[in-house]
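Peer 1: sequence and predicted structure below; questions after.
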2 protein chains.
Amino acid sequence: MNDTQMRRAPSQKRSRERVDAILTNATQIIAETGSDALRMSELAQRTGISIGSLYQYFPDKSAVVRALAERCNEDSRACIAEGLATVTSMDDLATAFAALIDTYYAIFLGEPVIRDIWSAVQADGALRVMEVEESRRNGALLADRLKALQPAGDPQKIDATALLVMHLGEATMRLAVSVARPEGDALVEAYKRMAIRQLTTP
Amino acid sequence: MNDTQMRRAPSQKRSRERVDAILTNATQIIAETGSDALRMSELAQRTGISIGSLYQYFPDKSAVVRALAERCNEDSRACIAEGLATVTSMDDLATAFAALIDTYYAIFLGEPVIRDIWSAVQADGALRVMEVEESRRNGALLADRLKALQPAGDPQKIDATALLVMHLGEATMRLAVSVARPEGDALVEAYKRMAIRQLTTP
DNA sequence: TGCAAAATGTGAGGAATCCTCGTATTTGTC
DNA sequence: GACAAATACGAGGATTCCTCACATTTTGCA
């Protein structure tokens, strides 16, 4: 992940492995006991290192949560980029976008801890901007694609639409995994219809 | 507000006034210093009471934040109910809904502290369900209206659509007030178009 | 290899915060 | 005024984040 958040650059392989172990254990703790139960002391203990060592790898708790969230973001960004790459014409857009959302939803359903990691992000004032930042990145991916397909469109309008659609996609996923299964599916379906209409009609 | 959250039922007028003072001061602190800076000690001091007295009115910090959020919710629910009440036919829906969203957005813009109060809710694991609960309530209001206007529609589909539209409305507002002014306006406009299309076409 | 310097590891404890609980004060009733 | 009930108080217990002075390991070099 990026380096500004790491107290010490992981120069040795052992360090990188240790950082990985820390994040894996953090994910486990969150999965087992919820996003609010992440304690630096327990994280150190599970990883088999002391508190002091933990703080040599991460300057503070925020950095751990941020690293977790960035792991998730990398995955979802890859999923989105891959899905968008298959869009070569406006005709493809509807089916490709629907497939993308399905994949995205499947990821959320398969790893419920993603939602808890996001809760941990929300709980941290310093990290709450990550949500918008991530929406912006994903929105930019979509906007690029749309502009290539619709050169005549108003760029600003396309930017706004793309940002909104991606942001609300995130919001829909989190809502969908918060409710019982069939209802969540219906919500995702409704989102797909809504988003696709917005994207495919001027 | 409701009583389960109050440690002591405000039987006397003085008590109710004091609860009001506590919430007003809490809002001020959040407005001035951000949602993460709400400290029970400072809240007591500003209100001119001791920590112990503060905890006689609210069992814990969550309860204070919850009360703040419920105040906001009451306002927004009233705004939504009022807006929906003017919808008497499917033809009205588009203009009435647009007006409703404009009013809602104006409230958010006028009182930025609303967003910070919501951040405080997000920061509290025990309160995070409030978001979905509120979306459900607002979704139900909208669903009722839609069912009255479209008796032929699939009730489950209407429920899902209404819930999604209201939840994403909240998400749009929070995104819109998080970005610079003209961009936020464009996002709200895009949301309005998207939601109205979803609501007015089968 | 042997040794000094640099890197890394350690955990007691400082600091901030939430909340409790025993005591003090005020209010209400006769 | 005297008693009881309600309310107010704030020192301090409990939890958690994080620091820092010191211990240990690894690295670089003769």
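Peer 2: Structure's in. What do you need? Residues are numbered from 1 along each chain as shown, chains lettered A, B, ... in the order given.

Peer 1: could you find the closest non-adjacent residue to the spatially most central residue of chain A?
Peer 2: Relative to the mean C-alpha position of chain A, the nearest C-alpha, by CA atoms, centre = their mean, is the one of A:Asn73, at 3.4 Å. Nearest non-adjacent residue to A:Asn73, counting by CB to CB, 6 or more residues apart in numbering or on different chains: A:Glu134, 5.4 Å away. C-beta coordinates here come from the backbone N, C-alpha and C atoms, glycine included.

Peer 1: and the helix or strand containing the one you found, how far from the chain's centre?
Peer 2: Per DSSP states H and E: A:Glu134 is located in helix A:129-149. Centroid separation for helix A:129-149 versus its chain: 13 Å, with CA atoms, centre = their mean, to the nearest Å.

Peer 1: CA-only coordinates of it in CSV, if you can.
Peer 2: What follows is helix A:129-149, C-alpha atoms only, in CSV (Å, rounded to 0.1, in the frame of the first residue of the first chain):
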residue,chain,number,x,y,z
VAL,A,129,-13.0,11.3,3.6
MET,A,130,-11.9,8.0,2.1
GLU,A,131,-15.5,7.3,1.1
VAL,A,132,-15.7,10.3,-1.1
GLU,A,133,-12.2,9.8,-2.4
GLU,A,134,-13.0,6.3,-3.5
SER,A,135,-16.2,7.4,-5.1
ARG,A,136,-14.3,10.0,-7.0
ARG,A,137,-11.8,7.5,-8.3
ASN,A,138,-14.4,5.1,-9.4
GLY,A,139,-16.5,7.9,-10.8
ALA,A,140,-13.5,9.0,-12.9
LEU,A,141,-13.1,5.5,-14.3
LEU,A,142,-16.7,5.5,-15.4
ALA,A,143,-16.7,9.1,-16.6
ASP,A,144,-13.7,8.4,-18.8
ARG,A,145,-15.5,5.5,-20.4
LEU,A,146,-18.7,7.5,-20.9
LYS,A,147,-16.9,10.4,-22.5
ALA,A,148,-15.2,8.1,-24.9
LEU,A,149,-18.5,6.6,-25.9
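
Peer 1: excluding its own residues, what touches that helix? List them.
Peer 2: A:66, A:69, A:73, A:76-77, A:80-81, A:84, A:87, A:89-90, A:93, A:118, A:121-122, A:153, A:155, A:158-159, A:161-167, A:169-170, A:199, B:175, B:178-179 (CB atoms under 8 Å, 6 or more residues apart in numbering or on different chains).

Peer 1: the residues you listed, buried ones only, as a ChimeraX selection?
Peer 2: The buried residues among those can be selected in ChimeraX (16 or more other CB atoms under 10 Å in any protein chain shown) with this line:
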select /A:66,69,73,76,80,84,87,93,118,121,122,158,159,161,162,163,164,165,166,167,169,170,199 /B:175,178,179
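
Peer 1: how much space between the residue nearest to A:Asn73 and B:Thr95?
Peer 2: Using CB to CB, to the nearest Å, we find A:Glu134 at a distance of 34 Å from B:Thr95.

Peer 1: who has more neighbours, those two?
Peer 2: Shown here are A:Glu134 and B:Thr95; by other CB atoms under 10 Å in any protein chain shown, A:Glu134 has more neighbours (21 against 12).

Peer 1: and the gap between the more buried one and DNA strand C?
Peer 2: Distance check for A:Glu134 against DNA strand C: by CB to the nearest atom of the strand, to the nearest Å, it reads 28 Å.

Peer 1: do you know how far that residue is from B:His167?
Peer 2: 19 Å.

Peer 1: before we move on, what about A:Gly153?
Peer 2: Using CB to CB, A:Gly153 is found at 28 Å from B:His167.

Peer 1: list the contacts for A:Leu38?
Peer 2: A:Ala26, A:Ile29, A:Ile30, A:Lys61, A:Val64, A:Val65, A:Ala120.

Peer 1: quickly name whichever of these is closest to DNA strand D.
Peer 2: The closest of those to DNA strand D turns out to be A:Lys61 (CB to the nearest atom of the strand; 3.3 Å).

Peer 1: what is the neighbour count of the residue nearest to that closest one when sequence neighbours are not counted?
Peer 2: Closest residue to A:Lys61 apart from its sequence neighbours, by CB to CB, 6+ apart: A:Met40 at 5.7 Å. Using other CB under 10 Å, A:Met40 has 15 neighbouring residues.

Peer 1: A:Thr47 too?
Peer 2: 19.

Peer 1: now the residue of chain A most remote from its centre: how far from DNA strand D?
Peer 2: For chain A, the residue at maximal distance from the C-alpha centroid (CA atoms, centre = their mean) is A:Ala152, at 31.2 Å. A:Ala152 sits 50 Å away from DNA strand D, going by CB to the nearest atom of the strand.

Peer 1: same deal with A:Arg77?
Peer 2: According to CB to the nearest atom of the strand, A:Arg77 and DNA strand D sit 27 Å apart.

Peer 1: just A:Thr201 next, same as before
Peer 2: Using CB to the nearest atom of the strand, A:Thr201 is found at 48 Å from DNA strand D.

Peer 1: tell me how far that residue lies from DNA strand C.
Peer 2: Noted for A:Thr201: a distance of 49 Å to DNA strand C, by CB to the nearest atom of the strand.

Peer 1: check A:Gly125 too.
Peer 2: A:Gly125 is 12 Å from DNA strand C, where distance means CB to the nearest atom of the strand.

Peer 1: now that residue: phi and psi?
Peer 2: phi -50, psi -40 (degrees, to the nearest 10).

Peer 1: quick one: it and B:Ser35 touch, right?
Peer 2: Yes - contact status for A:Gly125 versus B:Ser35: in contact at 6.8 Å, counting by CB atoms under 8 Å.

Peer 1: which of the two has more neighbours?
Peer 2: Taking neighbours as other CB under 10 Å, A:Gly125 and B:Ser35 compare with B:Ser35 leading, 23 against 17.

Peer 1: list the residues that contact that one.
Peer 2: B:Ser35 neighbours (CB under 8 Å, 6+ apart): A:Gly125, B:Asp116, B:Ile117, B:Ser119, B:Ala120, B:Ala123.

Peer 1: hmm, back to that, mutual contacts of A:Gly125 and B:Ser35, please.
Peer 2: In contact with both A:Gly125 and B:Ser35: B:Ser119, B:Ala123, using CB under 8 Å, 6+ apart.

Peer 1: using the three-state scheme, assign the residue farthest from the centre of chain A.
Peer 2: Following DSSP: H, G, I helix; E, B strand; the rest coil, we place A:Ala152 in the coil state.
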